[in-house]
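**Student:** task: produce atomic coordinates for the following.
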Amino acid sequence: MRATHAASLPTYDRTGVRRGLVHLGLGAFHRAHQALYTDALVANGDLRWGILGVSLRDARVSETLTAQDNLYSVTERHGDEAHTRVVGVLKGALFARNDLAKVIAAIADPLVSIVTSTVTEKGYNQDPASADLDVGDADVRHDIENPDVPRTTLGVLAAGIRHRPASAPLTLVCCDNMAGNGDTLRKLLVQYTSLFDTGLARRIEAEIGCPNSMVDRIVPAATPNSLQWAAARLGLRDEAAIVCEPFTQWVLEDRFAGTRPAWEDAGALLTSDVRPFQAMKLRLLNGTHSALAYAGQLCGLETVADAMANPLVGAFARRLMLEDLCATVSPPPGYDVTSYCHDLLKRFENPTLQHRTQQIAMDGTQKIPVRWLPALRESLALGIERPVLERALAGWLHYVAIGRDDNGTPLVINDPGAEALASLLRQAGSDFNAASAALSHRPVFGTQTWPPDFVERLAGHLSTLRHSGMTGLLSPN
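**Tutor:** From the prediction side, this is the model:
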């Protein structure tokens with residue numbers, strides 16, 4: 001890739017970089033986040049940490065990168081300010097279904113000491129209600145019966161570990177938005193392997209490192225407009241170009257089973273307890289993002305910046321974060337959480353990112369149980385109402401059930417778990433029955449009962465939505 005002077009190029013000899021990391025989930029987020037931290041270390045002379053990227057569900061990313069010699073550009077952009085770099089740390093890009101033996105062999109390679117993952121919450125086959133392995137999932141059942149030809153993230157990891165020398169330490173770093181993501185990955189992997197190989201399960205529990213982590217950067221999916229803008233800046237066409245915000249954060253527990261990259265030298269924070277950072281990010285950033293996505297979709301607003309600029313939706317997001325969600329987090333000692341919130345809101349307002357509400361709205365049945373429900377349950381148990389969060393929940397249920405925005409335009413709902421919930425809502429017959437039926441839907445809301453007065457309030461919001469839409473719900477009384 002020969003780029004114009006607008007881009008910083010790799011300063012190291014790529015042929016001398018050794019493969020030391022495998023990454024599962026080769027989407028834009030990893031390539032604009034963990035890969036950049038690692039690229040910085042390689043640029044500083046530590047050539048042990050080349051990355052083999054693996055796509056699990058879609059061949060297009062790996063095919064695109066392979067055609068470009070595994071090079072791609074990342075542009076950090078806010079307003080008129082932009083900085084572009086070409087990233088050279090990828091040693092390969094594979095599609096697991098076509099190259100499964102190579103993927104398993106890479107995880108088994110003793111020279112690989114870290115496997116990272118960004119496969120989204122649903123990529124771990126966790127039942128959102130029980131938080132345990134979803135043993136009824138068809139792909140999980142397939143992998144239990146055919147562990148050498150797996151389809152799932154857990155299956156691929158287990159197959160690689162199974163073929164790996166016992167003397168070679170390995171750490172799995174989950175970078176997805178789940179509370180206690182490392183602990184969760186270990187639990188699910190042990191539950192999965194215990195169903196067909198108890199010795200492997202014991203080995204994973206005792207020997208494999210699984211530190212918790214928190215990642216933060218807004219990385220929209222590429223669009224024709226973003227690719228065209230990047231091409232004009234680079235002076236060539238980069239089909240894997242990424243345009244993202246300047247802000248980036250990575251917090252990791254320093255719990256590794258063996259050798260690890262010195263990511264702290266590239267700006268990551270190594271800590272003994274990542275949980276306060278996780279809770280803040282999941283609730284304040286991701287929780288507000290989800291609310292913006294559903295409100296934006298229902299109000300016909302295409303991007304997060306559009307939603308923030310809308311008087312009703314922008315005010316709704318600010319109140320949700322600053323009044324309801326902020327009150328439910330316990331920040332690390334000395335951390336200014338109010339300042340963090342205001343910084344987040346400014347990031348959401350960045351008009352150059354074009355972060356689509358439709359993209360963020362995906363897989364709500366997996367995200368809502370993590371981003372909203374813990375804060376809501378904790379508050380209700382203390383007798384505290386969260387009026388803005390309750391409206392956000394009603395808005396999501398309305399979005400799932402109605403499937404069109406306030407102007408009647410059909411919405412694209414990309415969530416395999418949504419139809420079962422939508423069916424309950426449509427068949428309820430009354431707003432109270434709809435609220436009761438939704439809250440009884442175990443895959444999302446679990447088995448614990450909800451307070452009757454909360455059910456009544458939720459039913460009232462659903463009634464407002466049915467008669468006046470999202471704009472009616474958010475309009476001042």
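
**Student:** please compute how far stretch 373-392 lies from its chain's middle.
**Tutor:** 23 Å (C-alpha atoms, centre = their mean, to the nearest Å).

**Student:** tell me the average confidence for that stretch?
**Tutor:** What stretch 373-392 shows for mean pLDDT is 97.

**Student:** who are the packing partners of the longest helix anywhere in the chain?
**Tutor:** Longest helix in the chain by number of residues (criterion: DSSP state H): helix 452-474. In this structure, helix 452-474 packs against helix 287-298, helix 311-319, helix 387-402, helix 431-439, with contacts taken as 3 or more C-beta pairs under 8 Å, 6 or more residues apart in numbering; DSSP states H and E. Backbone N, C-alpha and C define where each C-beta goes, glycine included.

**Student:** residue 459 contacts residue 435, correct?
**Tutor:** Yes - if you go by C-beta atoms under 8 Å, residue 459 and residue 435 touch, sitting 4.1 Å apart.

**Student:** who has more neighbours out of these two?
**Tutor:** residue 435 (26 against 20; other C-beta atoms under 10 Å).

**Student:** can you give me the pLDDT of the more buried one?
**Tutor:** So residue 435 comes in at 97 (pLDDT).

**Student:** show me what contacts it?
**Tutor:** 397, 455-456, 458-459, 462 (C-beta atoms under 8 Å, 6 or more residues apart in numbering).

**Student:** could you do residue 164 as well?
**Tutor:** 107-110, 170.

**Student:** any idea how far residue 106 is from it?
**Tutor:** Distance, residue 164 to residue 106, by C-beta to C-beta, to the nearest Å: 10 Å.

**Student:** equivalent analysis for residue 229, please.
**Tutor:** 34 Å.

**Student:** more neighbours, those two?
**Tutor:** Per other C-beta under 10 Å, whichever of residue 229 and residue 106 has more neighbours is residue 106, with 21 against 18.

**Student:** which helix or strand contains that one?
**Tutor:** Assigned by DSSP states H and E, residue 106 belongs to helix 100-108.

**Student:** show me what that helix is packed against.
**Tutor:** Partner elements for helix 100-108 (3+ C-beta pairs under 8 Å, 6+ apart): strand 19-24, strand 50-55, helix 153-162.

**Student:** report the inter-axis angle for the second one versus helix 100-108.
**Tutor:** Spelled out, it's strand 50-55. Angle of strand 50-55 versus helix 100-108, following axes from the mean of the first three to the mean of the last three C-alpha atoms, to 10 degrees, is 140 degrees.

**Student:** and strand 50-55 with helix 153-162, angle?
**Tutor:** 140 degrees.

**Student:** what helices or strands is the next helix or strand after strand 50-55 leaning on?
**Tutor:** Sequence-wise, the next helix or strand downstream of strand 50-55 (DSSP H and E) is helix 59-67. On a contact count with 3+ C-beta pairs under 8 Å, 6+ apart, helix 59-67 meets strand 50-55, strand 90-95.

**Student:** just the CA trace of helix 59-67, in PDB.
**Tutor:** Once non-C-alpha atoms are left out, helix 59-67 reads as follows in PDB (Å, rounded to 0.1, in the frame of the first residue of the first chain):
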ATOM      1  CA  ALA A  59     -15.200 -14.100   4.800                       C
ATOM      2  CA  ARG A  60     -15.300 -10.600   3.400                       C
ATOM      3  CA  VAL A  61     -12.900  -8.900   5.900                       C
ATOM      4  CA  SER A  62     -10.300 -11.600   5.600                       C
ATOM      5  CA  GLU A  63     -10.500 -11.600   1.800                       C
ATOM      6  CA  THR A  64     -10.200  -7.900   1.700                       C
ATOM      7  CA  LEU A  65      -7.200  -7.700   4.000                       C
ATOM      8  CA  THR A  66      -5.400 -10.600   2.200                       C
ATOM      9  CA  ALA A  67      -5.800  -8.800  -1.100                       C
END
